Structures are given as structure tokens and as C-alpha cells.
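A.B. asks: Based on what follows, work out the 3D shape:
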Amino acid sequence: MRILVVEDEHRIAQAIKKGLEQERYAVDLTFTGTDGYDMASSESYDLIILDLMLPGMDGITLCKQLRKNNIHIPVLMLTAKGQITDKVAGLDAGADDYMTKPFSFEELLARVRALTRREGPVRKTTLSLDDLTMDTKSFIVKRGGAHISLSQKEFALLEYLLINKGEIVSKEKIIEHVWDFDADILPNTVEVYIKNLRNKIDAPFVGKQPLIHTVRGFGYVIGDDE
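C.D. replies: Numbering: from 1, shown residues only. Predicted structure coming up:
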């Protein structure tokens with residue numbers, strides 16, 4: 001999943017980014033409201049963590065503009081202001097949740113998980129297909145009871161495929177949701193990671209149906225390729 005953090009305090013922003021990346025999220029950072037709005041309205045995100053007091057455009061205005069333009073990415077508003085009137089203003093602007101600084105990263109992570117689950121039943125802690133299972137909290141992946149070791153990006157790619165199981169996803173969509181904005185992605189990067197995944201979840205299991213399929217000219221699908 002891909003998250004946008006809009007926070008003008010660089011130390012806090014970098015700490016959030018580092019913590020979320022350790023949890024297998026792709027994270028983009030920006031430090032002004034104007035840049036945050038531009039990125040949120042032009043890129044594909046699963047969640048926005050948004051500070052209230054920002055240079056260029058404050059968080060309330062940014063959130064209102066997104067909702068006005070029918071951009072309904074979940075927003076977690078994060079700010080030093082903790083008065084009830086500030087919280088009400090944030091929620092009325094279209095934010096989905098509100099946290100006051102200082103905060104614990106464990107609580108932030110729990111709220112991130114809760115907000116990304118709201119998008120529908122696919123946002124589950126456990127994802128599965130046939131005898132393949134993935135626990136997105138413990139990062140344990142198994143097929144037929146056998147543990148499968150994945151890198152962070154391999155895990156994120158498999159998670160995105162499983163969230164969209166049975167649906168064809170293009171390379172462009174994969175890049176949008178698995179890699180952050182600053183990642184140096186070569187044209188064949190997705191192909192390389194798909195090959196690595198196949199070597200781990202398909203190739204070792206002789207006699208079982210392969211789970212990942214290529215749909216030439218369109219992308220990839222995990223599950224039924226018909």
C-alpha cells in the first residue's frame with residue numbers, strides 16, 4: 001500500500017516514513033500543503049497522513065479541496081492542536097480520523113490499518129488464495145503450510161496482487177501502489193519482481209497450479225487467469 005505523508009516538521013515526517021516503511025508500506029513525503037495537494041490529486045494513494053498547520057495550504061483547506069474534487073482517499077489528520085473545535089473542524093473538512101501530537105507510533109500504525117481496512121472487505125489482516133496465506137501483521141507467508149521468505153518489496157507486491165485477486169493489474173498500477181514516488185523504477189522492474197515471486201510461490205510447488213499469470217498486453221493476475 002502507498003501512503004502520502006504531508007508534514008512540515010522534517011524530523012517527525014522522516015520518523016513516520018521510516019516506521020511505515022519497516023511495516024512494508026511505500027511512503028511519499030512532502031512538507032507543504034500546496035505540494036501535498038498536487039501529489040494527492042495526481043497520484044494514487046491508499047491513505048494520506050495530513051498535518052493541520054502547513055505552509056502554502058493548511059490541512060483543513062487541503063482536505064476540503066480534495067473532497068470538493070471527489071478525491072476520497074482516507075485522511076488521518078495529525079496535529080499539535082488538540083482542542084475539540086480543532087478536531088471538529090478537521091473531521092468536518094472531510095478527514096476520517098484525528099490524532100494529536102505527541103503520539104505513539106503503535107497507535108498511529110493501528111489507525112493506519114483501521115483506515116485502510118475501511119475501503120472494503122479486501123482490507124483484511126489475512127489474505128489467501130487456494131493454499132497460499134499471507135498475514136499482513138506478522139508478515140508470515142505460507143503455501144501448503146510451508147513458510148515462504150519474501151523481501152519487503154516482494155511482500156508488498158504479493159499483498160497488492162492478493163488484494164486484487166482475480167483482477168488484472170497493469171504494471172503502472174503495481175508501480176503506483178508498491179513503490180514510492182522517488183523510487184528509480186526501470187521498465188522491467190515489475191517483471192523482475194514478478195519472476196522472483198513465481199520462483200518462491202509457484203516453482204517450488206511441483207504438481208500444483210501456478211497462482212500468478214501474465215495477461216499479455218495488460219498486466220498480471222493472481223488466481224483465475226481465464
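A.B. asks: what's the helix or strand of the chain with the lowest mean pLDDT in contact with?
C.D. replies: Within the chain, no helix or strand scores below helix 84-92, which has a mean of 82 by mean pLDDT, DSSP states H and E. Here helix 84-92 makes contact (Cβ atoms under 8 Å, 6 or more residues apart in numbering) with 52, 59, 60, 63, 77, 79, 98. Backbone N, C-alpha and C define where each C-beta goes, glycine included.
A.B. asks: for stretch 54-73, same thing?
C.D. replies: 4, 6-8, 31-37, 40-41, 45-48, 50-53, 75, 77, 79, 89-90, 93-95.
A.B. asks: Give the rounded mean pLDDT of that stretch.
C.D. replies: Mean pLDDT, computed over stretch 54-73, is 93.
A.B. asks: Straight-line length of that stretch, end to end?
C.D. replies: 19 Å (Cα to Cα, to the nearest Å).
A.B. asks: what stretches of this protein score poorly on pLDDT?
C.D. replies: 82, 118-124, 182, 187, 225-226 (pLDDT under 70).
A.B. asks: can you pull out the helices in it?
C.D. replies: 10-22, 33-42, 59-68, 84-92, 105-117, 152-163, 171-178, 189-201 (DSSP state H).
A.B. asks: between the third one and helix 84-92, what angle do the directions make?
C.D. replies: Angle, helix 59-68 to helix 84-92, by axes from the mean of the first three to the mean of the last three Cα atoms, to 10 degrees: 20 degrees.
A.B. asks: Over to the fifth one?
C.D. replies: Computed with the same axes, to 10 degrees, the direction of helix 105-117 lies at 30 degrees from that of helix 84-92.
A.B. asks: Identify the residues contacting helix 105-117?
C.D. replies: 1, 3, 15-16, 19-20, 23, 25, 46-47, 49, 74, 76, 78, 96-97, 99, 123-125, 137.
A.B. asks: ok, 7 Å please
C.D. replies: By Cβ atoms under 7 Å, 6 or more residues apart in numbering, the residues outside helix 105-117 that reach it are 1, 19, 23, 46, 47, 74, 76, 96, 97, 99, 123.
A.B. asks: Could you list the buried residues of that helix?
C.D. replies: Residues 108, 109, 111, 112, 113, 115, 116 are the ones in helix 105-117 that count as buried (16 or more other Cβ atoms under 10 Å).
A.B. asks: Could you export those as JSON lines, including distance to residue 157?
C.D. replies: Output for those, formatted as JSON lines (distance: Cβ to Cβ, whole Å):
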{"residue": "108", "distance to residue 157": "24"}
{"residue": "109", "distance to residue 157": "21"}
{"residue": "111", "distance to residue 157": "25"}
{"residue": "112", "distance to residue 157": "19"}
{"residue": "113", "distance to residue 157": "19"}
{"residue": "115", "distance to residue 157": "22"}
{"residue": "116", "distance to residue 157": "17"}
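A.B. asks: Right, I'll leave it there.
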